[in-house]
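Enquirer: sequence and predicted structure below; questions after.
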Amino acid sequence: MAYKKTEQYNDKITSRLTEGYREALGLLGEDPDREGLLKTPERIAKAMQFLTQGYQMDAKAILNSAKFTEDVQQMVIVKDIELYSMCEHHMLPFFGKAHIAYIPNGYITGLSKLARVVDVYSRRLQVQERLTTQIMDAIRETLNPLGVAVVIEASHLCMMMRGVQKQNSVTTTSAFFGEFEKNETRSEFIRLIGSKLH
Ligand SMILES: [Zn+2]
């Protein structure tokens, strides 16, 4: 999967975040001056900028950058796209797979671009439901296809690590547009991705 790893960090944001995380470590009962933690606040500051870089990215521009005229109307499926995001309620990771399909209507896009659209929206603070819909809408609005389907299967650390501790629960969300609102097309897609979704 092709995506550019951002190693450009805004110095001002990095230093202010570093200060904040240093203070947070102290508040949590740690000693931010002990050797193992000296660089931790800055590492968190950079990691968080990396994990939220989606705010700086434009999904439609990415899809448009590889939009081609093509007279096909067969279902295009990209399944098992790795996905890592953070829930907006606890800023804890949720991760899993996204499956995307669309039925072209004059235009197709690069398959790797679909995977990048997943990154654009997952590298933000999210809820899985909105992530699913945003991916669908970006494809729908850019390619004007006959149908779009997005299914996401993810495990949420905020459920697994705290409170309810449902270790093996996977949350499945889906969004369907156009042809995929028909039972037959939707069933074919779900069969092809091998999901347990019904
Ligand atoms: Zn959460």
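Expert: On my side now, so go ahead.

Enquirer: any idea which residue sits dead centre in this protein?
Expert: residue 122 (2.3 Å; CA atoms, centre = their mean).

Enquirer: so that residue touches residue 83, yeah?
Expert: Yes. In this structure residue 122 lies within contact range of residue 83 using CB atoms under 8 Å: 5.1 Å. For the C-beta atoms, the positions are set from N, CA and C on the backbone; glycine is no exception.

Enquirer: what distance separates stretch 97-116 from the centre of its chain?
Expert: How far stretch 97-116 lies from its chain's middle: 15 Å, per CA atoms, centre = their mean, to the nearest Å.

Enquirer: tell me which residues of that stretch are tucked away?
Expert: Within stretch 97-116, the residues scored as buried using 16 or more other CB atoms under 10 Å are 97-105, 107-109, 113-116.

Enquirer: what sits up against stretch 174-182?
Expert: 101, 103, 132-133, 135-136, 140, 145-152, 185-186, 189, 197 (CB atoms under 8 Å, 6 or more residues apart in numbering).

Enquirer: repeat that with 6 Å
Expert: Contact with stretch 174-182 is made by 103, 132-133, 136, 140, 146-151, 185-186, as judged by CB atoms under 6 Å, 6 or more residues apart in numbering.

Enquirer: if you rank those residues by neighbours, which is first?
Expert: Within the contacts of stretch 174-182, neighbour counts (other CB atoms under 10 Å) peak at residue 150, which reaches 29 neighbours.

Enquirer: can I get the host helix or strand of that residue in CSV? Just the C-alpha atoms.
Expert: Secondary structure assignment for residue 150, by DSSP states H and E: strand 147-156. C-alpha atoms of strand 147-156 as CSV (Å, rounded to 0.1, in the frame of the first residue of the first chain):
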residue,chain,number,x,y,z
GLY,A,147,-22.7,2.4,-6.6
VAL,A,148,-20.3,2.4,-3.7
ALA,A,149,-20.0,0.0,-0.7
VAL,A,150,-17.7,0.3,2.3
VAL,A,151,-17.4,-2.2,5.1
ILE,A,152,-15.1,-1.7,8.1
GLU,A,153,-14.3,-4.4,10.7
ALA,A,154,-12.4,-3.1,13.6
SER,A,155,-11.3,-3.8,17.2
HIS,A,156,-11.4,-0.9,19.6
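
Enquirer: and the following helix or strand past that strand, what's its mean pLDDT?
Expert: Per DSSP H and E, strand 147-156 leads on to helix 157-160 as the next helix or strand towards the C-terminus. Model confidence over helix 157-160, given as mean pLDDT, is 90.
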